[in-house]
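Visitor: Have a look at this prediction, sequence included:
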Amino acid sequence: MSEAGTSPASEASAVPVVWRRLHSLSWVFLWGAQVRSLLLPAVLFVFADRGTIFRGMLLLFLIPAAIAPLLRYLSFRYRLAHDEIVILEGVLSRNERRIPYSRIHNIDLVQNPIHRLFKVAVVRIETASGGKPEAEIRVLGLAAAAELRKLAAGAEVLAGDPGEPDVAVRSRVLLRLPPIELVKLGLVSNRGMVLFAAGAAFLVQQTFGVFGDDTGIGTLRRLAPGVVPFLERTASEVSWTMAALLVIAAASVGVVLLYLLSIALAFRFYGFELERTGDQLRAQYGLLTRVAQSIPRGRIQCLSVVQTMIQRGFRRCAVRVDTAGGGGGGGDPFAASGGATSLKWLAPLVDPAAVTGL
């Protein structure tokens, strides 16, 4: 009950139902995302023969892609009704989506360093349908994003939301992950091995020339003519014992680099803090890209404690929660949902003795 004696529902119904635009800088961020997706066609355009039809076709493809973000910004509208958010988008084909607040499970805010500089965020709305987000809004100001989150939470203020006024709301921190725990998370996840396997597969493919004579050793001879003769000469002069020692040393350095890479990837959870505010659980973390995610406790369907063999060696485990329609994360705390690590990993790494209290 508010100070004026009105209920949250009546306060929500008093929200002006007007169509709103995205943040005025949204088209810039949309264009940046489009540029990243078009890097490969752009490279082909630069290096293609100027007189070929192929380059002309690429140009016809790149021009519409360059103006699409501006059209999306101009055509995107949304309004916050007392019981739902209505999203209207599309230029030639208009698409209207109505998402009742009661169906919203998570509203996540994602901010990279540029977003934080301009005080905006990507807003991802997840419902019980699971899979990818029901809607992704690029981008909203922090005040507009906080307003949406409060309406979806039944007008209950979430403490710590950027851009909100100071409101006395009781909150309790459930878990913090200091840097040393992130180092352990990197060691137990060994995420760098995945990237190593992908790189090794590429090198094997290139070495054995799967795509013909223009790959592998032939390409190396053409790009760096002196490298292959040097390697061949060195191999003929080195004894088998020395060669074995070099291989062991190289393998040892490779293992160390893999673990360092895994630790670096684990620092995506830098500053991880899980808190409970009212009936909401909220996590925020990120070194460069900051993520703020929340979920009502009543939406949790199942809580699982995952402990792999390596985690047992470090006396650590992970705590996962599943919501209706949510995808499974297996045993990987880096499992993604909609482009960001999902809050289904309530605790990416925690002491088993603290699980009961958590």
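Guide: The structure has been received and is ready for your questions.
Visitor: Which parts of the chain are helices?
Guide: When assigned using DSSP state H, the helices of the chain occupy the ranges 8-13, 26-37, 39-47, 53-75, 113-118, 142-152, 179-189, 192-207, 217-223, 227-237, 240-266, 309-313.
Visitor: need the least confident one among the ones you listed, by mean pLDDT.
Guide: Per-stretch mean pLDDT for the helices of the chain is lowest at helix 8-13 (a mean of 45).
Visitor: What is the neighbour count of the nearest residue to L303 once chain neighbours are set aside?
Guide: Sequence neighbours aside, V321 is the residue nearest to L303 in space, at 5.2 Å (criterion: CB to CB, 6 or more residues apart in numbering). (Glycine included, C-beta is placed from N, CA and C.) Counted by other CB atoms under 10 Å, the residues lying close to V321 total 21.
Visitor: doesn't V305 make contact with V321?
Guide: No - applying CB atoms under 8 Å, one finds V321 not in contact with V305, separated by 10.6 Å.
Visitor: V188 reaches T308, doesn't it?
Guide: Yes - if you go by CB under 8 Å, V188 and T308 touch, sitting 6.9 Å apart.
Visitor: out of the two, which sits in the more crowded spot?
Guide: More crowded of V188 and T308, by other CB under 10 Å: V188, with 24 against 15.
Visitor: From E273, how far out is that one?
Guide: 20 Å (CB to CB, to the nearest Å).
Visitor: same check, this time on P113
Guide: Applying CB to CB to P113 and E273 gives a distance of 19 Å.
Visitor: between the two, who's got more neighbours?
Guide: With neighbours defined as other CB under 10 Å, P113 and E273 compare such that E273 has more, 14 against 11.
Visitor: which residues touch that one?
Guide: V173, L175, R176, L177, A283, Q284, Y285 (CB atoms under 8 Å, 6 or more residues apart in numbering).
Visitor: May I have the predicted confidence score for the fourth one?
Guide: So the one you mean is L177. pLDDT, read off for L177, is 93.
Visitor: That one - nearest residue in space that isn't next to it in sequence?
Guide: Once flanking residues are discounted, L177 sits nearest to F272: 4.0 Å by CB to CB, 6+ apart.
Visitor: Same check on the first one?
Guide: Spatially, and ignoring its direct neighbours in sequence, V173 is nearest to E275 (4.8 Å; CB to CB, 6+ apart).
Visitor: Just give me the neighbour total for the one you found.
Guide: So E275, with other CB under 10 Å, has 19 neighbours.
Visitor: R176 too?
Guide: 11.
Visitor: Quick check: bridge partners of the spatially closest residue to it that is not a sequence neighbour?
Guide: The shortest distance from R176 to any residue other than its chain neighbours is 5.2 Å, reached at E273 (CB to CB, 6+ apart). E273 forms beta bridges with R176, Q284, as assigned by DSSP bridges.
Visitor: I87 now?
Guide: Y78, R97.
Visitor: my read: it touches R97, true?
Guide: Yes - contact criterion CB under 8 Å: I87 and R97 qualify, at 4.6 Å.
Visitor: Need the pLDDT of F267.
Guide: Per-residue confidence at F267 stands at 92 (pLDDT).
Visitor: swap in the one 3 residues further on?
Guide: In the predicted model, Y270 carries a pLDDT score of 93.
Visitor: now do G326
Guide: For G326, the model assigns a pLDDT of 55.
Visitor: contacting residues around the nearest residue in space to I137 that is not next to it in sequence?
Guide: Ranked by CB to CB, 6+ apart and with sequence neighbours excluded, the top spatial neighbour of I137 is V123, at 4.3 Å. With contact set as CB under 8 Å, 6+ apart, V123 has these partners: I107, D108, L109, E136, I137, V139, L140, A145, L148.
Visitor: what do you get if the cut-off is 6 Å, keeping everything else the same?
Guide: When contacts are counted by CB atoms under 6 Å, 6 or more residues apart in numbering, V123 touches I137, L140, A145.
Visitor: my read: P100 touches E84, true?
Guide: Yes - P100 is in contact with E84 according to CB atoms under 6 Å; the separation is 4.6 Å.
Visitor: Which one's more surrounded, those two?
Guide: A direct count of neighbours by other CB under 10 Å for P100 and E84 places E84 higher, at 18 against 12.
Visitor: Verify the stated contact: F76 with R21.
Guide: No - assessed by CB under 6 Å, F76 is found out of contact with R21, at 7.1 Å.
Visitor: With neighbour numbers in mind, choose between the two.
Guide: Neighbour tally, F76 and R21, criterion other CB under 10 Å: the higher count belongs to F76, 19 against 13.
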